[in-house]
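A.B. asks: Take a look and give me a structure for this.
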Amino acid sequence: MAFNINPGKQQFTATASQTVFTFNFAIFATTDIKVYKTLAGVVANDTTDLLTLTTHYTVSINGTLGGTVTLVSGASVNDTITLVRSLPITRTTDYVTNGDLFADTLDLDQDYQTYLVLDQNVQLQRAIVVPESLGNVDLDIPAPVANSYLRWNATADALENDTSIPDDVVTTTANVVLTNADVVLTHADVVLTHADVVLANKWAEEAEDVEVATGEYSAHHWAIKAAASAASLTVDATPTDGSANAVSSNSVFDALAGKQSTLTFDSVPTNGSTNPVESNGIFDAIAAISTSPSGVRQTVQSASVDTSGFANFISIGTGLAVNIAATTTPIVIHAAGGKVSNDRIGTISADTSITGLTANTTNYLYADVAANGTVTLSANVVAHLEQFGGTPAVTNNLLTFNIGEMKGYTGNGATAPQTWRVPIGEAITNATNVTSVVSYALNGMYIEAWDTTLPSSIGTYSRNSNLGVIPLITYMEIENTTAQSPFNVGDRQVVSNTIVSAAVYSFTLNKTKNTISLFLPNIINYPLNSGSNTTITLASWKKRFIAQRGW
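C.D. replies: Residues are numbered from 1 along each chain as shown. This is a model prediction of the structure:
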């Protein structure tokens, strides 16, 4: 019987609908071969690519010359078909003393064992090995240690675990999410010499006024120059370019003004806005600055308002749902994340809704802001908690906002991880519908429109502040509308909790998360704080209530 010396592995690139693949290595049974089909463009996987005999393919044997594999369903163009001999490591022939010793039996037994050795050699060719001439090297792999990697030891004669991964290379998956197109580089793209690295370092960090190349300086040099220039900016009384805008006399803005006739603009804005930006990067940088977080934190910063300026972006929807108005006036949400650079700004630019509210209770409405500014709306029946500090509650869905940290945490029943969640309002429901809604005040502030009628009798005067939190700052402000000595039109006073006149007239200013109210137990005469008590003329003054979150 002829011995087939061909290695027990072959690969084929399939044509469209190809089913028959002829192999040139010997097998003894149809079960002695593994068949893998790797789809075009997909990374090979021994688990998912492995086919099943009869279900996916059949095998015919052509003696020791090889045979054919026939797929039940044809392959697609450029699929990779891999055929691998897989002989069981066993012996079926047992020789006995004085027994028959036929040539075919002995030859077949020797061929089987030799094929096993040949297949092991094929596997060995895929292994990592050290040069044969290298001695005194221990290739034993040490026991696994969590969060470590293998390296050669200091004497280069054994492998060891190393847990000293530098902090500057520890990154999360979120830090390195790249598409294949982002990282397609040839070897030539990334071949750097030591001199290249040294030069790159100079371009970044060379000292001020030290040239890196003739007439060219480092980023560090220009950063120092820019800081010095900013500190010394002055403004011309007469603009250099003759426009209506004054420009800096030290020529920084003069240069920009002179360049305006040659500016070109990108067809696609760098910062994703609707305004094209100048292609040489000057205005690209300004556009990038404009997206930085600013203003009051942990609040809805802007949204639809009514004629009095009060937020009204939430309205009653159909059934147990609320509508969110954002198409005409986009909703801008600022979610605090500790330091300002960790804050997130989210925008809702189209009308939407929150559905599936819980019946017969108060539902609290929330906006979660992702790192890319995407906003996800939700509702639950757990009231949010604001505190100056302390351990966040782990109660499921409970948002705890620590004012001192300017961080929010949402409980999941076991822990309370940091979240960028902002309360935006409330909805009260009955069994089937929403009966009323509250849009929380923008920027944590309620300022009432001026009211020309001042309280003059015993009673309670209430307003819906809709802050969503108990305000730290509440007061009533009055303004003179008709001159009354010693005050002039436009002069203002803040009315405090105790008013002194010829007698003492006290009042109570009550506050809840969404209301403020003034209770007058006595008729009041509003004395003026002008060095002496003066009874005001009610018709000469107007008032308004003001409530501020205070943080």
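A.B. asks: Find the residue at the geometric middle of the protein.
C.D. replies: Residue closest to the average C-alpha location in the chain (CA atoms, centre = their mean): A371, at 2.7 Å.
A.B. asks: quick one: contacts for L199?
C.D. replies: By CB atoms under 8 Å, 6 or more residues apart in numbering, the contact list for L199 reads V212. The way it works is simple: take the backbone N, C-alpha and C, and place the C-beta from them, glycine included.
A.B. asks: Look up how far W222 lies from it.
C.D. replies: 17 Å (CB to CB, to the nearest Å).
A.B. asks: Isn't V212 up against W222?
C.D. replies: No. The criterion here is CB atoms under 8 Å, and V212 misses it with W222 at 11.2 Å.
A.B. asks: If you count surrounding residues, which of those two has more?
C.D. replies: Shown here are V212 and W222; by other CB atoms under 10 Å, V212 has more neighbours (15 against 12).
A.B. asks: And the more buried one, what's its pLDDT?
C.D. replies: pLDDT, V212: 89.
A.B. asks: Repeat that for the one 4 residues further on.
C.D. replies: According to the model's per-residue confidence, E216 sits at a pLDDT of 91.
A.B. asks: what's the neighbour count on it?
C.D. replies: For E216, the count of nearby residues is 10 (other CB under 10 Å).
A.B. asks: Quick check: it vs A103, distance?
C.D. replies: Relative to A103, E216 is positioned 84 Å away (criterion: CB to CB).
A.B. asks: so is D111 in a helix, a strand, or just coil?
C.D. replies: Assigned with DSSP: H, G, I helix; E, B strand; the rest coil, D111 falls in the helix class.
A.B. asks: To which secondary structure element is the closest residue in space to it that isn't next to it in sequence assigned?
C.D. replies: Leaving aside its sequence neighbours, D111 sits nearest to F3 (CB to CB, 6 or more residues apart in numbering; 5.7 Å). For F3, there is no helix or strand it lies in under DSSP states H and E.
A.B. asks: and stretch 63-76, which residues are buried?
C.D. replies: Residues of stretch 63-76 classed as buried: T64, G66, G67, T68, V69, L71, A75 (neighbour count, 16 or more other CB atoms under 10 Å).
A.B. asks: Need the nearest residue in space to the third one, chain neighbours excluded.
C.D. replies: Excluding its sequence neighbours, the residue lying closest to G67 (CB to CB, 6+ apart) is I61, at 4.3 Å.
A.B. asks: That neighbour: what's it in contact with?
C.D. replies: I27, F28, A29, T30, G67.
A.B. asks: Taking those residues, please make a PyMOL selection of just the buried ones.
C.D. replies: Here is the PyMOL command that selects only those of the contacts of I61 that count as buried (16+ other CB under 10 Å):
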select buried, resi 27+28+67
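A.B. asks: domain parsing for this protein?
C.D. replies: 9-124, 194-231, 299-440, 446-548 (automatic domain parsing).
A.B. asks: just checking, which of these comes out with the lowest mean pLDDT?
C.D. replies: Lowest mean pLDDT within these: domain 446-548, a mean of 76.
A.B. asks: wait, which of the contacts of I61 is closest to T97?
C.D. replies: When these are compared for distance to T97 (CB to CB), F28 wins out at 26.7 Å.
A.B. asks: What residues does that closest one make contact with?
C.D. replies: I61, L87, Y112.
A.B. asks: do that again at 10 Å, thanks
C.D. replies: Applying CB atoms under 10 Å, 6 or more residues apart in numbering to F28 gives the contacts I61, T64, R85, L87, P88, T92, L108, D111, Y112, Y115.
A.B. asks: Quick check: which element contains the last one?
C.D. replies: For Y115, the host element (DSSP H and E) is helix 103-124.
A.B. asks: helices or strands next to that helix in the packing?
C.D. replies: strand 9-13, strand 80-85 (3 or more CB pairs under 10 Å, 6 or more residues apart in numbering; DSSP states H and E).
A.B. asks: got a markdown table for those strands, with mean neighbour count and distance to Y36 too?
C.D. replies: Converted to a markdown table, the helices and strands packed on helix 103-124 look like this (neighbours: other CB atoms under 10 Å; distance: least, CB to CB, whole Å):
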| stretch | mean neighbour count | distance to Y36 |
| --- | --- | --- |
| strand 9-13 | 15 | 9 |
| strand 80-85 | 21 | 4 |
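A.B. asks: What residues sit buried inside stretch 129-141?
C.D. replies: Buried, per 16+ other CB under 10 Å, within stretch 129-141: nothing.
A.B. asks: From the opening residue of it to its closing one, how far?
C.D. replies: 13 Å (CA to CA, to the nearest Å).
A.B. asks: as a whole number, average confidence for that stretch?
C.D. replies: 83.
A.B. asks: any chance of the helices and strands packed on helix 103-124 in JSON lines, with distance to D491 too?
C.D. replies: Shown next, in JSON lines, are the helices and strands packed on helix 103-124 (distance: least, CB to CB, whole Å):
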{"stretch": "strand 9-13", "distance to D491": "89"}
{"stretch": "strand 80-85", "distance to D491": "87"}
